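In: how would this look folded up:
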Amino acid sequence: MKKQKIIIADNNKYFREGLKRILLNIGNVKVVGEVENGHQLLDLLETQKADIVFLDVAMPEMGGFEAVLIGHQKFPRTRFVAFSSLENPRYVNRMIAAGVSGYLTKSSDNYDLLHEIVTERQQTFYLSPGLQNHNLQFDNHSLVN
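Out: So this is what the prediction gives:
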């Protein structure tokens, strides 16, 4: 099975390092890049292919929303998964509208979801368990939480 190429975009270095350790523990992944904002992410994607990008919603210079909008146009085969401390339905709905493949909260235990994201290749939408009772707007996504 081919290793999933992962990029982590978050302005918190310690979060990036922690997520990287978790992903490497799950296996079948290769973290090919870490960046601090959306501009750096888009620049990196120009030279480094990624299967999955985990990105924060709120980053300096360019946040996750803009990065996903541009990223989907330029890199349609890359899946973008939001990973944020922002749990307000307004932010979640905005990222869903931008086209993320999932929205995970930093306050939830997401190990099982992370495992599914890096091992599955289905068009499934992943949502942290704590968000399942929020008023969220989905189109044609299967939901895993």
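
In: those helices in the protein, which residues are they?
Out: 13-26, 38-47, 64-74, 89-98, 111-119 (DSSP state H).

In: closest to Phe54 out of those?
Out: With C-beta to C-beta as the criterion, Phe54 lies closest to helix 13-26 of the helices of the chain, at 6.3 Å. To be clear about C-beta, it is placed using only N, CA and C from the backbone, and glycine gets the same treatment.

In: how far does stretch 24-33 sit from its chain's centre?
Out: 14 Å (C-alpha atoms, centre = their mean, to the nearest Å).

In: my guess is Gly102 contacts Val81, does it?
Out: Yes - between Gly102 and Val81 there is a contact at 4.3 Å, judged by C-beta atoms under 8 Å.

In: ok, these two, which is more surrounded?
Out: Gly102 (27 against 24; other C-beta atoms under 10 Å).

In: so what's that one bridging to?
Out: Counting by DSSP bridges, Gly102 is bridged to Val81, Tyr126.

In: repeat for Glu34
Out: Judged by DSSP bridges, the bridge partners of Glu34 are Ile8.

In: now do the contacts for it.
Out: Contact analysis of Glu34 by C-beta atoms under 8 Å, 6 or more residues apart in numbering lists 7-9, 16, 20.

In: so it versus Ser107, what's the distance?
Out: Distance from Glu34 to Ser107, counting by C-beta to C-beta, to the nearest Å: 22 Å.

In: cool, Leu127 as well?
Out: Taking C-beta to C-beta, one finds Leu127 at 14 Å from Ser107.

In: likewise for Gln40?
Out: Distance, Gln40 to Ser107, using C-beta to C-beta: 25 Å.

In: neighbour count: these two, which is higher?
Out: Just comparing Gln40 and Ser107: by other C-beta under 10 Å the higher neighbour count belongs to Gln40, 19 against 11.

In: now the more buried one: closest residue in space that isn't a chain neighbour?
Out: With C-beta to C-beta, 6 or more residues apart in numbering as the criterion, Gln40 has its nearest non-adjacent residue at 7.3 Å, and that residue is Ala9.
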